[in-house]
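> Give me coordinates for this.
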Amino acid sequence: MKKTLTLTVLAGVLLAGCSAPAKDADYKNINDLGKAYESAIGGGVDCRESTTDIAKNGWDQTQCGPTGIVMMFTSDAKREEIKQKNPLESGRRWIQGKNWLIEADQYDAEKAQKALGGELLSS
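Okay, the predicted model is just below:
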C-alpha cells in the first residue's frame, strides 16, 4: 500500500512538471518565455537559446520556428519603443504580456494567447 501511494505521488509530481504554461506569467528570462511559447504552439516549434544580457539594452528577443519572435523588456517604455519601430506586417499579431511581447502569424498568435494569456493586438 505504501509503495503504491509513493508511486502515485511521484507520478503526480512528474506530470505537474509537464503541465501547460502559466497564463499571464511574468517570465524571468527569454529562454523560459521561449519554452512557454514552444509548449503553447506545439508541433515542433523550437526557440533559439539566448545568452544576451537584457539589462544592457533593456530588451532581448529570440526566434521561434520560422515565423515566431518572443521578446522581453525591462520597462513598458522600451516595449512601446520597439513596437513603434517594428510595425506589424499583414497577417501578423502581437501578444502583449506583463514584461513580454510575442510576434507571430495570426493563427499561431491566437493559439499562444489562449495558452499564455496576455492581450492579442493587431497593431
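> And the strands in this structure, which stretches?
For the chain, the strands defined by DSSP state E cover 59-64, 68-73, 92-96, 100-105, 119-121.
> Just the residues contacting the last one, thanks.
Contacting residues not belonging to strand 119-121 are listed as Arg93, Trp94, Ile95, Gln96, Gly97, Ala109, Glu110, Gln113 [Cβ atoms under 8 Å, 6 or more residues apart in numbering]. Backbone N, C-alpha and C define where each C-beta goes, glycine included.
> Dump the strands of the chain into JSON lines; add mean pLDDT and distance to Leu33 as well.
Formatted as JSON lines, those follow (pLDDT from 0 to 100; distance: least, Cβ to Cβ, whole Å):
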{"stretch": "strand 59-64", "mean pLDDT": "97", "distance to Leu33": "8"}
{"stretch": "strand 68-73", "mean pLDDT": "97", "distance to Leu33": "5"}
{"stretch": "strand 92-96", "mean pLDDT": "97", "distance to Leu33": "11"}
{"stretch": "strand 100-105", "mean pLDDT": "97", "distance to Leu33": "5"}
{"stretch": "strand 119-121", "mean pLDDT": "96", "distance to Leu33": "16"}
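> May I see those strands organised as TSV, with distance to Asp32 added?
Output for the strands of the chain, formatted as TSV (distance: least, Cβ to Cβ, whole Å):
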stretch	distance to Asp32
strand 59-64	11
strand 68-73	9
strand 92-96	16
strand 100-105	10
strand 119-121	20
